[in-house]
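K.L.:
here's my sequence, what's the structure:
(one chain, ligands or ions: 1)
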Amino acid sequence: MSIEVRGVGKRYGDFVALDDINVSLPTGQLTALLGPSGGGKSTLLRIIAGLESADTGTVDIEGVDATTLPPQKRNVGFVFQHYAVFKHMSVAKNVAFGLEIRKRPKAEVKAKVAELLELVHLSQFAHRLPSQLSGGQRQRLALARALAVEPSVLLLDEPFGALDAKVRKELRDWLRRLHDEVHVTTVFVTHDQEEALEVADEIVVINEGRIEQIGSPDQLYDEPANDFVMGFLGAVTRLGPLVLRPHDIEVAVAPGVPGSSAGVVQRALRVGFEVRLTVDVEGQDEQVLVVLSRAHARALDLELGSKVWLSPTTGATTVPALAVPREAVASA
Ligand SMILES: Nc1ncnc2c1ncn2[C@@H]1O[C@H](COP(=O)(O)OP(=O)(O)OP(=O)(O)O)[C@@H](O)[C@H]1O
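P.N.:
Numbers count the residues shown, from 1 in each chain. Predicted coordinates for the structure are as follows:
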């Protein structure tokens, strides 16, 4: 294991930011720390980096107890949302900086800088200043700079957070390809479930200072540990005692499936290739959301007021609906 976090707790005054966090991250893995704002993702990342100290617990990095080591002795590289590159230095100089202060031979520095600029696709901008780069190019520069000193761990805190949606998507594909080439153990913080599902080998879902679930993107999506994880990874709706995804509901125009719930279509909204139905179901206050393909909706000949019978599709992912809101359970 490259990173072992054991029993880590952190408080700010009375506020518990992290509560008994245990997680093992294997060497070479790309891990996402995913969760809502304020859940504790950045605090955990900063504790791994050594920028913050834990009140309890330990952090091992590559078999060394790093709990009390300062950041510069942990052999970690960081990139933050607003990473401060040296504004007065060229792109190449920025990448070379960490190597030069370590007094590496000139020829080695030159070769390494060329290799890294190639890797992040910035070779043609080597002599530009950071202010002459786009936001996405600047984050790639920040990554090249962090990788230059060959860290054993790369820590990224919402590295693409400040960029627009299209550039974010490009950089996310690029990060995945970069990781496939260099295999450095990487941990990145995100609150964007699509980003985590697309890029990570493994996702750690963090909420209210606790780990809700650890698993591969498929495991989290197909076998969510609870309604929080399920709801955080995509749209959900409630049908009787179950929480499930709106596309995992079978719609029939006659009763037939045992246990199906009778209802009336209240709204049918066409969005691109899908149709979203809002259905009033007997015996349930909350309306049920159902997503169908356009072709399927057309075949059923549905309109407002149509009577329908709803049931989970075979193989639907479901979790039990809690009778009481989660917050109430947590604070009880
Ligand atoms: N220095 C501090 N002093 C007091 N409270 C803090 C401090 N740093 C963080 N917190 C609190 O700890 C909680 C966890 O913060 P953290 O930044 O780890 O959350 P996060 O999951 O990364 O959220 P975000 O995505 O918004 O950054 C928040 O409620 C935050 O207000």
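K.L.:
residue 139 reaches residue 171, doesn't it?
P.N.:
Yes: with contact defined as Cβ atoms under 8 Å, residue 139 reaches residue 171; the gap is 6.4 Å. No exception for glycine: its C-beta is placed from N, CA and C like everyone else's.
K.L.:
these two: which is more packed in?
P.N.:
For residue 139 and residue 171, the more surrounded residue by other Cβ atoms under 10 Å is residue 139, and the numbers stand at 29 against 22.
K.L.:
how close does the more buried one get to residue 115?
P.N.:
Distance of residue 139 to residue 115, given as Cβ to Cβ, to the nearest Å: 19 Å.
K.L.:
kindly report the same for residue 312.
P.N.:
According to Cβ to Cβ, residue 312 stands 53 Å off from residue 115.
K.L.:
go on, residue 219?
P.N.:
Note on residue 219: its distance to residue 115, by Cβ to Cβ, is 36 Å.
K.L.:
check residue 67 too.
P.N.:
34 Å.
K.L.:
neighbour-wise, which of the two wins?
P.N.:
Just comparing residue 67 and residue 115: by other Cβ under 10 Å the higher neighbour count belongs to residue 67, 17 against 14.
K.L.:
how about the more buried one, secondary structure?
P.N.:
Following DSSP: H, G, I helix; E, B strand; the rest coil, we place residue 67 in the coil state.
K.L.:
need phi/psi at the residue nearest to it when sequence neighbours are not counted.
P.N.:
Distance criterion Cβ to Cβ, 6 or more residues apart in numbering; nearest residue to residue 67, sequence neighbours excluded, is residue 58 at 4.6 Å. The phi/psi pair for residue 58 (degrees, to the nearest 10) reads phi -130, psi 160.
K.L.:
next one: residue 254
P.N.:
Taking degrees, to the nearest 10 as the convention, residue 254 sits at phi -150, psi 150.
K.L.:
which SSE is the nearest residue in space to it that is not next to it in sequence in?
P.N.:
By the measure of Cβ to Cβ, 6+ apart, the closest residue to residue 254 outside its immediate chain neighbours is residue 309, 6.9 Å from it. Element membership of residue 309 [criterion: DSSP states H and E] is strand 307-312.
K.L.:
for the ligand, what are the nearby residues on the protein?
P.N.:
Applying Cβ under 6 Å from any ligand atom, we find that the chain lies next to the ligand at 12, 17, 35, 37-43, 189, 191.
K.L.:
mind giving me the ChimeraX select for those, buried ones only?
P.N.:
In ChimeraX, this line selects whichever of the residues of the chain next to the ligand come out buried by 16 or more other Cβ atoms under 10 Å:
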select :17,35,39,40,41,42,43,189,191
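K.L.:
now render the residues of the chain next to the ligand as a markdown table, adding pLDDT, secondary structure and distance to residue 275.
P.N.:
Listed next are those as a markdown table, based on pLDDT from 0 to 100; DSSP: H, G, I helix; E, B strand; the rest coil; distance: Cβ to Cβ, whole Å:
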| residue | pLDDT | secondary structure | distance to residue 275 |
| --- | --- | --- | --- |
| 12 | 95 | strand | 47 |
| 17 | 96 | strand | 43 |
| 35 | 94 | coil | 32 |
| 37 | 90 | coil | 32 |
| 38 | 91 | coil | 36 |
| 39 | 93 | coil | 34 |
| 40 | 95 | coil | 39 |
| 41 | 95 | helix | 36 |
| 42 | 94 | helix | 39 |
| 43 | 95 | helix | 42 |
| 189 | 94 | strand | 36 |
| 191 | 90 | coil | 29 |
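K.L.:
and the residues of the chain next to the ligand as JSON lines, adding distance to residue 210?
P.N.:
Formatted as JSON lines, these follow (distance: Cβ to Cβ, whole Å):
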{"residue": "12", "distance to residue 210": "16"}
{"residue": "17", "distance to residue 210": "11"}
{"residue": "35", "distance to residue 210": "10"}
{"residue": "37", "distance to residue 210": "15"}
{"residue": "38", "distance to residue 210": "13"}
{"residue": "39", "distance to residue 210": "9"}
{"residue": "40", "distance to residue 210": "8"}
{"residue": "41", "distance to residue 210": "12"}
{"residue": "42", "distance to residue 210": "15"}
{"residue": "43", "distance to residue 210": "12"}
{"residue": "189", "distance to residue 210": "16"}
{"residue": "191", "distance to residue 210": "16"}
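K.L.:
thanks again, I'm all set now.
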